[in-house]
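have a look; sequence and predicted model below, questions after that.
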Amino acid sequence: MEKATSKQRRRIILAAGASAVAGGAAMVLRPSGVIIPHPHGSPLSVELAGLPEGKLRTVEWQGKPVWVLRRSASELASLALHEDVLTDPDSLQSLQPPACRNRHRSLRPEIFVAIGLCTHQGCTPALLGGDGFLCPCHTSRYDLAGRVFKVGPATANLVIPAYRFDAENRLLIGVDA
Ligand code: FES
């Protein structure tokens, strides 16, 4: 089989992200953290109680890693300070639900939810504390709202899936807000 070009690979990643933004799911996360496959595909419930600031939680949804991160007030404030070095600071060319097209790219400012796959070729970036995320494959960088920096080959922000809060401390991933 022919190898996909990097442009084709990026299209595949964004297409996978588009289906994530549109909703649908295949797993249920119980409060214990155990992921139970769901035969019919249903939204993924994620408890937020006990999630401290700065701690990245990764859950699996539709075979993809989904990040949940609680950001501090100072981290949120810092998002305004580097927009001149971002590729798409207003997320005009990136995938997210309409309600998440804002500076913090989330429904609630402090809770960040994103598909944890680099939009270049799909590697998993690592959290660099308050400095955002770094992809180890080709050094693309993202801020704490998943907005990509101009340095590095990725050109789109991290994909934000459809989600909503169905309780004060519970997220439902895979359904519209
Ligand atoms: Fe190439 Fe992330 S996969 S920079």
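Cool, got the structure.

would you list every one of the strands in this structure?
Applying DSSP state E to the chain gives strands spanning 27-29, 35-37, 44-47, 56-61, 64-70, 111-115, 126-127, 133-134, 141-142, 163-167, 170-173.

redo those strands as TSV? Include mean pLDDT and mean neighbour count.
Placement of C-beta: from N, CA and C, glycine included. As requested, these are exported to TSV (pLDDT from 0 to 100; neighbours: other CB atoms under 10 Å):
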stretch	mean pLDDT	mean neighbour count
strand 27-29	40	19
strand 35-37	42	11
strand 44-47	96	21
strand 56-61	96	17
strand 64-70	97	20
strand 111-115	98	24
strand 126-127	97	14
strand 133-134	98	20
strand 141-142	98	22
strand 163-167	95	16
strand 170-173	96	20
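
now those in TSV, with distance to the ligand?
What follows is the strands of the chain, written out as TSV (distance: least, CB to the nearest ligand atom, whole Å):
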stretch	distance to the ligand
strand 27-29	24
strand 35-37	25
strand 44-47	24
strand 56-61	17
strand 64-70	14
strand 111-115	13
strand 126-127	11
strand 133-134	9
strand 141-142	9
strand 163-167	23
strand 170-173	23
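
got JSON lines for the ones you listed, with distance to residue 93 too?
Formatted as JSON lines, the strands of the chain follow (distance: least, CB to CB, whole Å):
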{"stretch": "strand 27-29", "distance to residue 93": "29"}
{"stretch": "strand 35-37", "distance to residue 93": "32"}
{"stretch": "strand 44-47", "distance to residue 93": "27"}
{"stretch": "strand 56-61", "distance to residue 93": "24"}
{"stretch": "strand 64-70", "distance to residue 93": "21"}
{"stretch": "strand 111-115", "distance to residue 93": "16"}
{"stretch": "strand 126-127", "distance to residue 93": "24"}
{"stretch": "strand 133-134", "distance to residue 93": "18"}
{"stretch": "strand 141-142", "distance to residue 93": "14"}
{"stretch": "strand 163-167", "distance to residue 93": "21"}
{"stretch": "strand 170-173", "distance to residue 93": "23"}
